[in-house]
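> Can you look at this prediction? I've put the sequence above it.
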Amino acid sequence: MNILIAGAAGFIGTNLTLALMKNPANHITITDTDTSYFTNETIIAANNVSCLALHTQTHNFENILENIELEFNLVSTTNPSSSNNYIEAELNENITFSTLLLEASVKHHVSKIIFISSGGTVYGNVACPITENAPTNPITAYGIQKLTIEKICHLYHCMHGIDYSILRLANPYGPYQRPNGKLGALTTFTYKALHQETLHVYGDGSVVRDYIYIDDAIDAMLKIAFGSPQYPIYNIGSGTGTSLNDLTDHLRSVLDIRIDVNYEKKRSVDLPANYLDITRYETEFGTLVHTPIDDGIRRTADFLKAHS
């Protein structure tokens, strides 16, 4: 199958590419704004992977979409916590890009589109566990652009019959996630703990999030992508919530090291709790594999040690 991954140089894109390239029948075209972002040697050396530049402003889709059957849209130019500082850019770049990508996908008869949305931001402050039918009132520009692109996917389905799936992903963590503190509390905290750095927590540590190990997330994504989903939207998460205080306790236990925490002023973008109901996915596709958080921390720490 000919597969496109737009925005493939990041954490999710790297793991998705590594999973898809295991099947020699797949030919994967991976794109990002600069091919120099592709640094994984296994991916670069693969015979069934092509790396191409795809800019969010120049929209050079023509050569890239030729003969593509399955498309994953992972493109996002900012992160949830800082997106409100760049609202115009967040909305203009991401929404415009995805709309034009959809338009070109219709023109090139792409069979199926998978849009990776954000279960952590599109819902806003609602009761947990959160189902796909919960109200959507995002409080960040990141969440607004994700939700808007979801609606545009539906619009193109109504206009052109395009087959699409929206995957509202929780908080993935694991190998190849950059521990820079901008995305991924669990990976960042693991990295800092290994380097005996103080952890910085906004608020009192009671904030609850849904953490899913990246291999589990990719497995769910591929089951939907290569299956025949009955619904347009699926939550993908662990189905359970973990507070930041509990997370630090897990880190202390697994890594067996002293961890100091500095509690800072709570941010307005931090919801008190967000974890997803995954009943819809599990009813249709079976149990969503859930790596226990201690095992996930251990695997993440081993990867960070090997690549530090």
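Great, that's in hand.

> Quick check: nearest residue in space to E284, chain neighbours excluded?
Q230 (5.9 Å; C-beta to C-beta, 6 or more residues apart in numbering). Yep, even glycine has a C-beta here, placed from its N, CA and C like the rest.

> ok, the one you found to T291 distance?
For Q230, the distance to T291 equals 26 Å [C-beta to C-beta, to the nearest Å].

> Could you pull up phi and psi at the nearest residue to V122 once chain neighbours are set aside?
The shortest distance from V122 to any non-neighbouring residue, by C-beta to C-beta, 6+ apart, is to L147 (4.6 Å). Note on L147: its backbone torsions stand at phi -70, psi -40 [degrees, to the nearest 10].

> Let's see the pLDDT reported for L147.
pLDDT for L147: 97.

> again, but for G296
98.

> give the contact list for the closest residue to G239 other than its chain neighbours.
Sequence neighbours aside, I278 is the residue nearest to G239 in space, at 4.5 Å (criterion: C-beta to C-beta, 6+ apart). Neighbouring residues of I278 by C-beta atoms under 8 Å, 6 or more residues apart in numbering: N235, I236, G237, S238, G239, L288.

> For the helix or strand I152 falls within, which residues meet the burial criterion?
Using DSSP states H and E, I152 sits in helix 141-160. If you call a residue buried by 16 or more other C-beta atoms under 10 Å, then helix 141-160 has these buried ones: 141-150, 152-153, 156.

> Need the three-state assignment for the residue nearest to E284.
Three-state assignment for Q230 (DSSP: H, G, I helix; E, B strand; the rest coil): coil.

> ok, it touching Y281?
No - counting by C-beta atoms under 8 Å, Q230 stays clear of Y281, with 10.7 Å between them.

> which one of those two has more residues nearby?
Y281 (24 against 9; other C-beta atoms under 10 Å).

> any idea how far the more buried one is from I44?
Y281 is 33 Å from I44, by C-beta to C-beta.

> in the stretch 151-300 of the chain, which spans are strands?
163-169, 171-173, 199-202, 208-209, 211-213, 233-236, 242-243, 261-264, 273-274 (DSSP state E, counting those that start in this stretch).

> Just list the residues touching the closest residue to H108 other than its chain neighbours, thanks.
Excluding its sequence neighbours, the residue lying closest to H108 (C-beta to C-beta, 6+ apart) is L65, at 4.2 Å. Neighbouring residues of L65 by C-beta under 8 Å, 6+ apart: L4, E71, A104, S105, K107, H108, V110.

> Can you name the residues that contact the fourth one?
What it means is S105. So S105 contacts L65, I68, E71, I113, I162 (C-beta under 8 Å, 6+ apart).

> Ok, the last one next?
Counting by C-beta under 8 Å, 6+ apart, V110 makes contact with L4, L65, I68, E69, L70, E71, I162.

> just the buried members of those?
Here, 16+ other C-beta under 10 Å leaves L4, L65, I68, L70, E71, I162 buried among the contacts of V110.

> contacts for the helix or strand hosting the fifth one?
Element membership for E71 (DSSP H and E) is strand 70-73. Where contact means C-beta under 8 Å, 6+ apart, the residues beyond strand 70-73 that reach it are 1-8, 13, 16, 65, 98, 101, 105, 110-116, 149, 221, 225.

> quick check, distance from it to the centre of its chain.
Here the centre of strand 70-73 is set off from its chain's centre by 13 Å, with C-alpha atoms, centre = their mean, to the nearest Å.

> ok, and for whichever helix or strand comes after that strand, which residues are buried?
Heading C-terminal from strand 70-73, the first helix or strand you meet, by DSSP H and E, is helix 87-107. Of the residues in helix 87-107, E90, L91, E93, N94, I95, F97, S98, T99, L101, L102, A104, S105 count as buried by neighbour count, 16+ other C-beta under 10 Å.

> In the stretch 151-300 of the chain, where is pLDDT below threshold?
Applying pLDDT under 70 to the stretch 151-300 of the chain flags the ranges 181-182.

> Surely T188 and Y173 touch.
No - look at T188 against Y173 with C-beta under 8 Å: they stay out of range, at 9.1 Å.

> Compare the two and say which is more crowded by neighbours.
Y173 (27 against 20).

> give me every residue that touches that one.
Applying C-beta under 8 Å, 6+ apart, we find Y173 in contact with G184, L186, T187, Y211, I212, Y213, I214, G296, T300.

> Next, format those as JSON lines and append neighbour count.
Shown next, in JSON lines, are those (neighbours: other C-beta atoms under 10 Å):
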{"residue": "G184", "neighbour count": "23"}
{"residue": "L186", "neighbour count": "26"}
{"residue": "T187", "neighbour count": "29"}
{"residue": "Y211", "neighbour count": "26"}
{"residue": "I212", "neighbour count": "30"}
{"residue": "Y213", "neighbour count": "24"}
{"residue": "I214", "neighbour count": "25"}
{"residue": "G296", "neighbour count": "25"}
{"residue": "T300", "neighbour count": "25"}
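
> Since that was my last question, I'll sign off now.
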